[in-house]
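Asks: What follows is a predicted protein model with its sequence.
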Amino acid sequence: MGMQSAGAAPEEAGRRRRRKRHQPMSEINVTPFVDVMLVLLIIFMVAAPLLTVGVPLDLPETQAKPLEGATEPITISVAADGRIYIQDTEIAAEEVVPKLEAIAQNGYDERIFVRGDQDADYGTIMKVMGRINAAGYKRLGLVTLEEQQ
């Protein structure tokens, strides 16, 4: 009898030890994840204003107030050398209206901003605006910088 009780006791003690050693970790350390997310948030906050329009222009200055709107407008740029861009894509003057019809989500109520370099030919800017207006788009705006006094 003494042998059976002595043999049973070490097995039970061994099982108890094993259970304590192999318990899975129940907590997840989220601190590195939060740190990475905050760094990405800061990077995108700084980079977002730089991603709007990539065509570099020297805009003229006026005293007009900025237009308010809920949606992002379509931007058409006329560079100093007369090249025409929709957003960042260079297009020919004849393609302005077909491209607008393809990307205008609000139809003829789409807001369209025309950015013309101050050294660009006035006739080229007016030709682009005339084509857009003749196609039926009435919500046109010229983009300028606020005049410094």
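Replies: Yep, that arrived.
Asks: contacting residues for the nearest residue to residue 82 once chain neighbours are set aside?
Replies: Distances taken as Cβ to Cβ, 6 or more residues apart in numbering put residue 124 closest to residue 82, at 5.1 Å, once the chain neighbours are dropped. Backbone N, C-alpha and C define where each C-beta goes, glycine included. Neighbouring residues of residue 124 by Cβ atoms under 8 Å, 6 or more residues apart in numbering: 78, 82, 84, 93, 116.
Asks: got these as CSV, with distance to residue 30 and secondary structure columns?
Replies: Below are the contacts of residue 124 laid out as CSV (distance: Cβ to Cβ, whole Å; DSSP: H, G, I helix; E, B strand; the rest coil):
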residue, distance to residue 30, secondary structure
78, 50, strand
82, 55, coil
84, 50, strand
93, 55, helix
116, 50, strand
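Asks: Would you mind listing the buried residues in the strand or helix carrying the residue nearest to residue 82?
Replies: Residue 124 is part of helix 122-134 when elements are defined by DSSP states H and E. Buried positions in helix 122-134, judged by neighbour count with 16 or more other Cβ atoms under 10 Å: 124-125, 127-129, 131-132.
Asks: what do you get for stretch 105-123?
Replies: 110-117, 120.
Asks: How about residues contacting that stretch?
Replies: 53, 55, 57-60, 67, 69, 71, 73-82, 100, 104, 124-125, 128-129, 132, 136-143.
Asks: Can you flag which of the residues you listed belong to strands?
Replies: Cross-referencing the contacts of stretch 105-123 against strands under DSSP state E gives 74-78, 140-143.
Asks: any chance of those residues in TSV, plus neighbour count and pLDDT?
Replies: Putting the ones in strands among the contacts of stretch 105-123 into TSV (neighbours: other Cβ atoms under 10 Å; pLDDT from 0 to 100) gives the following:
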residue	neighbour count	pLDDT
74	20	85
75	19	86
76	26	88
77	25	90
78	25	90
140	15	83
141	16	81
142	14	81
143	19	80
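Asks: Thank you, goodbye.
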